[in-house]
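Colleague: could you look at this predicted model? Sequence included:
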Amino acid sequence: MKTVAVRAEDIDFEAAAREHRSFLLQIAVASARNPIDAEDIVQEALIRGFRGLKRFRGDCPLRIWLSRIVVRVAINHHRSVARRLKRWVFFADLETVHQDGSSQAFEPPDPAGVFDREALMDIRKHVNRLPDEFRMPLVMLAVEGLTIPEIAGVLEIPEGTVKSRIFYARKRLKEALQTRKK
């Protein structure tokens, strides 16, 4: 990972977009809860990043700067969707619609048999029900493998706040899963 400060005019944006696209997509998926919307969010964020490249000061890695744009685009996307829809679509409800009109349910990867499918879907359902402020840091840490400082940079919040939100997200999940078992 490159952390050297660079000037906006020295950046090959197309190469940078290719290099950081998967990272940005992970953040968008954590926010959007839907891989199709996540693609749209990343595309819009890259367009905004390209248009606003002159404003990049180089005081943080380009990857973090772009991830902040992804988060802002995702928030705007949520607001737009919330105005049109009355409920969120959870991972368990996702379908991929093919060009021929057929559809296929979204299949999460098999986690090497650690959890049975029902338990995994239950965990995912409870994670998706967490408020964004708790869910995003938790997913970025547990699923995407970001560090606390990286999450703080992406979300533009202090590291202590990231730790607190992850703590409360885990606490809420534990309570929800214990309630389910009873």
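Modeller: That came through fine.

Colleague: tell me how this structure divides into domains.
Modeller: Segmentation of the chain into domains, based on automatic domain parsing, reads 1-89, 130-182.

Colleague: where does the prediction get shaky in this protein?
Modeller: 1-10, 79, 81-117, 180-182 (pLDDT under 70).

Colleague: please repeat the previous calculation with a cut-off of 50.
Modeller: Across the chain, the ranges flagged by pLDDT under 50 are 1-4, 85-98, 106, 108-115.

Colleague: from the contact counts, what lies against the strand or helix carrying Ile166?
Modeller: According to DSSP states H and E, Ile166 maps onto helix 159-181. Contact here means 3 or more CB pairs under 8 Å, 6 or more residues apart in numbering; DSSP states H and E; on that basis helix 159-181 packs against helix 117-129, helix 132-142, helix 148-155. Where C-beta positions appear, they are placed from N, C-alpha and C, glycine not excepted.

Colleague: which elements pack onto the helix or strand hosting Ile47?
Modeller: Ile47 belongs to helix 35-51 when assigned by DSSP H and E. For helix 35-51, the packing partners by 3+ CB pairs under 8 Å, 6+ apart come out as helix 13-32, helix 62-84.

Colleague: now render the helices and strands packed on helix 159-181 as CSV, adding mean neighbour count and distance to Ser80.
Modeller: Formatted as CSV, the helices and strands packed on helix 159-181 follow (neighbours: other CB atoms under 10 Å; distance: least, CB to CB, whole Å):
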stretch, mean neighbour count, distance to Ser80
helix 117-129, 15, 19
helix 132-142, 20, 14
helix 148-155, 20, 20
